[in-house]
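Novice: Here you go, sequence then predicted model.
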Amino acid sequence: MGNKEVQAVETERKPHVIKGKALKALLRDIAAADGKITPKEMEDFLAAPEPELKGLFTSTDGITIASLAAAGILALGIKNYFGEAMPAVAVVPPLTDAFLKAFEAVTNVVAQNPNLTSHIPPSLLAAAEYFTIVRGGIAEIRNVGKRKIINRRAKLEDLIEKGEANYFMDFKCTVAFIGKGDEVANKIAKEKAKKNELGDFIQIGSKKPEGSSVWGFLDEDFSKEEIFEVLDRCDFKKAGEVLLLPVENENIFLAKKNEHDTTLDKMRILISILDEYCIKNGIEKKKIIIVGARDMESVYVRKKEPGGDLKTVANPTLKDMVDHLNSNGDKRIVKIVDPTLDVILPKVIEIANGRKIVYWGTTENMEKYSENFYKKLKELGYEATNGEEVFFNYNVTNTSTLPVSIKDDICAILDPNAKDKLMQEGVPEKNILVVSDMVVEYLNNEMKKS
């Protein structure tokens, strides 16, 4: 037999329809103040079509009732017109007579004449009444359950929008603190959703993350009580690790010391509160992964008198803070993932393969990034070992400014959409480094170790 190449096809998870006891339990949990639901239940419940409330009658019922009523009125009109002179049609058989009388009993009309003419109007009107009461009653009973679903759905959507939903997360899930939002965290969440791992990743921040509903709200000026509350809602006890993302997307690569959207003090306080929560609940302290530059720093100054000079008294770095946290005897690990030193530049060095790396770009780009680029290369100990050169460009925007010779260029890009354009212009795919994708892949490997 010949070898057949089998390709794995990644398919997105299709929502599951929740029914019966599972639906009743879910509606009860959404209504309860302390009720928790899994992210999969949330997605399935919200993905289902909203139930349609039926009126007192369906459109078919309305036609039936109107026809019956019209026939009844017409029959009465005919009888009134002919009166006693109306010709006898037939004598109703006993079984039919009994059936028609049963209909008359519904409206408390007792048949006075066994002839068919005396039974038609009340029979038809009774049938109309039957449809009105029975069918309308059934529709209303069904509407009670549908209204409950609609109301719970509205409540859940409101809780999600506010970041106040209560979740049952998967064991060893990741809790990411994202501030106002983070592109790397969003990508991880989307990948988890595609792999049917919705309960494996939850974000906490001051703004609802783009493209994900699994999150908890935390004000930027948080208090310990507020953190404890959001940790309870996000099922923090099951977490395997915490992801801190103090750097904005445009500064994720080659970030300078002060290009982060939070401070060392704020991170230290947050970690301290997380530890306190773990101690209070009798669980192990969580592994902490901080995505940022190791040399991120906070500068402390002093002034002895008004108008006097400022003097720097301390400028601790992120590395200093992490080293201190890891030196207190805890088994828990606090680790830095530096996108520049740990992820992107090692790949640049691998592609350069001993050639001299020449940074190029616009004047503005050069001023912002080139010095830090060469500084970080030196930190990694890279030195050219031959006389060849290779160009490197950090394409922060989607604007391509390529030199004439491009077959061996190395391009790091923020926007994944720029990759196709660069390939069309001749840059080899293996030389195009999508920063956020590479950081996500690195973090996924780190999270698997927890």
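Specialist: Structure received.
Novice: same for whichever strand or helix holds residue 142, what does it pack against?
Specialist: Element membership of residue 142 [criterion: DSSP states H and E] is helix 136-162. Applying 3 or more CB pairs under 8 Å, 6 or more residues apart in numbering; DSSP states H and E, we find helix 136-162 packed against helix 20-31, helix 39-47. Every C-beta, even on glycine, is put in place using the N, C-alpha and C of the backbone.
Novice: and those as a markdown table, adding mean neighbour count, distance to residue 438 and mean pLDDT?
Specialist: What follows is these, written out as a markdown table (neighbours: other CB atoms under 10 Å; distance: least, CB to CB, whole Å; pLDDT from 0 to 100):
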| stretch | mean neighbour count | distance to residue 438 | mean pLDDT |
| --- | --- | --- | --- |
| helix 20-31 | 15 | 39 | 74 |
| helix 39-47 | 20 | 26 | 86 |
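Novice: Which of the ones you listed sits closest to residue 191?
Specialist: Closest of the helices and strands packed on helix 136-162 to residue 191 is helix 39-47, at 14.1 Å (criterion: CB to CB).
Novice: angle of that closest one against helix 136-162?
Specialist: In terms of direction (axes from the mean of the first three to the mean of the last three CA atoms, to 10 degrees), helix 39-47 departs from helix 136-162 by 130 degrees.
Novice: May I ask you to confirm that residue 43 is in contact with residue 198?
Specialist: Yes. Using CB atoms under 8 Å, residue 43 makes contact with residue 198 at a distance of 6.2 Å.
Novice: For the protein, which residues score under the pLDDT cut-off?
Specialist: 1-17, 19-20, 33-34, 53-140, 299-303, 305, 311-314, 396-407, 450 (pLDDT under 70).
Novice: sorry, back to before: quick check: next helix or strand after the helix holding residue 142?
Specialist: Using DSSP H and E, the helix or strand that directly follows helix 136-162 along the chain is strand 173-179.
Novice: domains of the chain?
Specialist: Domain assignment for the chain, taken from automatic domain parsing, gives 59-138, 167-337, 341-446.
Novice: ok, and which of those domains has the densest surroundings?
Specialist: Of all these, domain 167-337 carries the top mean neighbour count, a mean of 18, counting by mean count of other CB atoms under 10 Å.
Novice: the helices in the stretch 201-350 of the chain, which residues?
Specialist: For the stretch 201-350 of the chain, the helices defined by DSSP state H, counting those that start in this stretch occupy 224-233, 264-280, 318-325, 345-352.
Novice: what would those helices look like in JSON lines with distance to residue 415?
Specialist: As requested, these are exported to JSON lines (distance: least, CB to CB, whole Å):
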{"stretch": "helix 224-233", "distance to residue 415": "32"}
{"stretch": "helix 264-280", "distance to residue 415": "28"}
{"stretch": "helix 318-325", "distance to residue 415": "27"}
{"stretch": "helix 345-352", "distance to residue 415": "18"}
